[in-house]
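Novice: Need the 3D shape of this:
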Amino acid sequence: MIKNKRDNPINRRGQVTIFIIIAILIITGVIAYLILREGSSSVSLPVSIQPVYSTFLSCVEEQARIGITILETQGGYIDIPELEIGSEYMPFSSQLNFLGNNLPYWYYVSGNNIQKEQVPTEQEMERSLADFVNYRISSCDFDNYYKEGFEINFGESKTIVDIKEQGVFLNINFDLSITKGNDTSLISNHNLEIDSNFYSLYNSALEIYEKEQNEFFLEKYGIDVLRLYAPVDGFELSCAPLIWNAEEVFDNLRNAIEANTLALSSEEFTSSERKYFYVQTSSSNSVRFITSREWPNSIEVLPSEGVSLIAKPVGTQEGMGLLGFCYVPYHFVYNINYPVLVQIYNGDEIFQFPLAVVIQGNQPRKSLDTLAFRSNNKLCDNMNSLTSVKIYDSDLNPVDAQISYTCLGTTCDIGKTSSGVLESDFPQCVNGYILVKAEGYRDKKYLYSSVDESSANIIIHKLYDLSIDLNIATPYDSAIIYFKSDEDSEVVYYPLQKKVNLSEGDYEISVYAYTNSSIQFQEITEEQCIDVADSGLGGVLGFTEERCFDITIPAQVINNVLSGGGKKNISISEDILKISDLIEISADSFKVPTKLEHLQENYLAFESSKLEVNVK
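Specialist: Residues are numbered from 1 along each chain as shown. Just a heads-up that it's a prediction; the model follows:
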């Protein structure tokens with residue numbers, strides 16, 4: 001019997017072997033394809049393709065490092081938040097311009113006095129860096145490889161960024177197909193690890209920021225500077241007023257704040273003097289603090305008269321002879337706002353962010369819970385009363401001026417007139433004030449109720465410069481000249497200042513002339529007796545008894561004494577001011593006092609002394 005070959009066992013075993021080999025080849029091919037598809041920088045690539053892939057990885061790393069540098073330079077932002085402008089009262093916008101770059105404040109106060117934070121989270125920065133890499137990855141340059149005959153195709157990139165203590169890790173899903181001749185590779189997953197101190201620097205920045213928010217250490221340094229370099233609280237034994245030029249005080253403060261802020265450091269000093277500037281942190285990174293007098297800042301002080309801070313003596317007034325001596329107390333209240341740029345660095349790597357330092361009423365600002373705001377801060381957001389404002393000078397010529405409106409302690413900027421006219425919406429308010437400011441004119445405050453009226457015609461008065469010539473018969477060292485009117489007042493410290501800006505109006509002019517002196521008073525004790533209610537039943541019936549006590553007047557030296565002056569009420573018209581450039585003032589002179597009684601006599605004489613005033 002002849003058997004069919006198909007039934008031969010040997011043939012069947014051969015067929016099975018062929019199928020197994022084919023299956024192995026298929027599985028191997030699939031595995032190889034998957035390895036190439038899911039491969040990374042460590043995948044084995046054809047030698048001809050490796051340079052292209054190395055270039056790609058270098059490009060991605062370069063773009064990622066650029067993104068990290070932008071994050072560090074811009075306080076954790078690549079795309080910075082929308083700009084919010086400041087105001088005359090709060091000079092901060094939401095960004096600080098530093099060397100031409102706009103850096104978002106982590107803490108600032110908006111123009112309408114709302115405290116705000118914009119501190120980026122770690123997750124936000126990771127997403128921001130991932131978006132940056134996704135956008136920039138397609139810009140990698142393969143032109144030289146195209147010229148060599150490579151075909152390079154790629155799809156859409158999806159990047160995941162993980163910021164860790166060891167560095168910045170990127171997982172990039174990006175189909176990259178590279179073909180050269182018979183060699184083809186498709187790589188879809190790419191992993192990169194970038195050596196960076198970003199994690200540590202950012203966490204150090206958070207530590208500094210939280211320290212400032214909890215302790216207000218920058219405000220406290222600022223207050224120390226304020227009390228060292230500006231008059232705040234105190235008194236001096238003198239019978240002449242103390243006078244400071246506010247502009248000079250502000251200039252000194254700005255210089256001192258800049259120098260003392262730059263001296264702050266996280267590096268502990270050995271000398272006791274330098275230890276004051278040590279800012280303690282738990283980080284191994286270094287920290288420095290930068291500010292500049294040229295950056296947006298504001299300083300306000302109350303009380304003030306024009307550009308002068310004046311403290312008046314006590315003990316010279318009529319009826320105060322009981323004191324037996326003169327002293328000058330003073331208390332000035334400051335509001336100071338300035339930016340500080342915090343830089344945390346390790347080697348060449350720097351993370352920086354700005355924040356606002358706010359001193360209110362000689363004290364650090366109040367703590368920020370959420371969004372702190374005044375109860376009436378929405379006034380300026382609801383301006384719906386259309387108003388026409390027209391500004392004229394005294395000859396009824398139109399004047400361009402800056403217009404604002406104040407109501408219940410809130411001031412809203414309205415705008416600027418054009419050819420003397422402004423039509424704009426005002427907030428609704430009863431008995432508010434239109435504030436008019438024009439260069440070369442006296443500021444005007446005009447009572448206006450926007451709920452009842454729809455227009456305002458306002459006349460403002462031009463300012464004229466007049467030189468001052470003060471004549472007093474006997475020599476004197478200095479004098480204070482007051483020009484007081486219902487709308488404004490000017491103070492001149494003569495002879496350091498010899499000009500005054502005046503507009504049409506009624507003025508009370510007062511002159512106080514002082515001479516240097518060294519009147520010495522020994523310590524004396526005087527008994528003073530007064531009538532008080534009887535301590536017994538007689539007190540109920542209205543009877544009194546005399547009680548005496550001792551008053552001790554300490555020894556003192558009076559350096560400045562009133563030696564001349566007087567008062568005069570005068571009306572000055574604009575017609576006179578237009579043709580005049582000089583105001584002559586003649587005042588009576590008094591005997592230079594040699595004892596306290598003479599000094600008190602001079603103040604009594606001052607009340608009855610009249611000035612001679614000529615404007616010409």
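Novice: which other residues reach stretch 123-133?
Specialist: With contact meaning CB atoms under 8 Å, 6 or more residues apart in numbering, stretch 123-133 is reached by 60, 63-64, 66-68, 70-71, 76-79, 120, 157, 159-163, 168, 170, 172, 202. For glycine as for every other residue, the C-beta is placed from the backbone atoms N, C-alpha and C.
Novice: Show me the helices in the stretch 401-550 of the chain, by range?
Specialist: Taking DSSP state H, counting those that start in this stretch as the test, the helices found in the stretch 401-550 of the chain are 537-540.
Novice: same deal with the stretch 201-350 of the chain?
Specialist: Taking DSSP H, counting those that start in this stretch as the criterion, the stretch 201-350 of the chain carries its helices at 217-229, 246-263, 272-275.
Novice: Mean pLDDT, mean neighbour count and distance to Ala513 added to these, as JSON lines?
Specialist: Listed next are the helices of the stretch 201-350 of the chain as JSON lines, based on pLDDT from 0 to 100; neighbours: other CB atoms under 10 Å; distance: least, CB to CB, whole Å:
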{"stretch": "helix 217-229", "mean pLDDT": "95", "mean neighbour count": "18", "distance to Ala513": "30"}
{"stretch": "helix 246-263", "mean pLDDT": "93", "mean neighbour count": "17", "distance to Ala513": "23"}
{"stretch": "helix 272-275", "mean pLDDT": "72", "mean neighbour count": "9", "distance to Ala513": "44"}
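Novice: Redo those helices as CSV? Include distance to Asn501.
Specialist: CSV is the format used below for those (distance: least, CB to CB, whole Å):
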stretch, distance to Asn501
helix 217-229, 28
helix 246-263, 15
helix 272-275, 45
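Novice: burial measure for the closest residue to Leu435 other than its chain neighbours, as a count.
Specialist: Closest residue to Leu435 in three dimensions, ignoring its sequence neighbours and counting by CB to CB, 6 or more residues apart in numbering: Ser404, at 4.6 Å. Counted with other CB atoms under 10 Å, the burial measure for Ser404 works out to 16 neighbours.
Novice: list the contacts for Ser404?
Specialist: Taking CB under 8 Å, 6+ apart as the test, what Ser404 contacts is 411-414, 434-435, 437.
Novice: Nearest to Gly361 among the helices of the stretch 201-350 of the chain would be which one?
Specialist: For the helices of the stretch 201-350 of the chain, proximity to Gly361 was assessed by CB to CB; helix 217-229 is nearest, at 10.6 Å.
Novice: If you compare the directions of that closest one and helix 246-263, what angle comes out?
Specialist: For the pair helix 217-229 and helix 246-263, the angle between their directions (axes from the mean of the first three to the mean of the last three CA atoms, to 10 degrees) equals 130 degrees.
Novice: Restricting the selection to alpha carbons, write helix 217-229 to PDB.
Specialist: Taking Å, rounded to 0.1, in the frame of the first residue of the first chain, the C-alpha atoms of helix 217-229 are listed here in PDB:
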ATOM      1  CA  PHE A 217      10.000  92.500  58.500                       C
ATOM      2  CA  LEU A 218      10.500  94.800  55.500                       C
ATOM      3  CA  GLU A 219       8.000  97.300  56.800                       C
ATOM      4  CA  LYS A 220       9.700  97.200  60.200                       C
ATOM      5  CA  TYR A 221      13.100  98.000  58.600                       C
ATOM      6  CA  GLY A 222      11.300 100.800  56.700                       C
ATOM      7  CA  ILE A 223       9.900 102.200  60.000                       C
ATOM      8  CA  ASP A 224      13.300 102.100  61.600                       C
ATOM      9  CA  VAL A 225      14.700 104.100  58.600                       C
ATOM     10  CA  LEU A 226      11.800 106.500  58.900                       C
ATOM     11  CA  ARG A 227      12.500 107.300  62.600                       C
ATOM     12  CA  LEU A 228      16.200 107.600  62.000                       C
ATOM     13  CA  TYR A 229      16.100 109.900  58.900                       C
END
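Novice: what about the stretch 201-350 of the chain, any weak spots by pLDDT?
Specialist: Judged by pLDDT under 70, the stretch 201-350 of the chain has its weakly predicted residues at 269-273, 315-326.
Novice: could you redo the last one with a cut-off of 80?
Specialist: Under the criterion pLDDT under 80, the flagged ranges of the stretch 201-350 of the chain are 237-240, 268-274, 305-306, 313-327.
Novice: And for the residue nearest to Leu599 when sequence neighbours are not counted, the neighbour number?
Specialist: For Leu599, ignoring the flanking residues on the chain, the nearest one in space by CB to CB, 6+ apart is Pro593 at 4.2 Å. Burial of Pro593, expressed as a neighbour count using other CB under 10 Å, amounts to 21.
Novice: Same check on Gln402?
Specialist: Gln402 sits with 17 neighbouring residues when counted by other CB under 10 Å.
Novice: And the one 10 residues further on, by the same measure?
Specialist: Neighbour count of Cys412, defined by other CB under 10 Å: 21.
Novice: ok so, going back, mind checking which of the contacts of stretch 123-133 are buried?
Specialist: Burial by neighbour count, judged by 16 or more other CB atoms under 10 Å, picks out 60, 63-64, 67-68, 70-71, 76-78, 120, 157, 159, 161, 163, 168, 170, 172, 202 from those.
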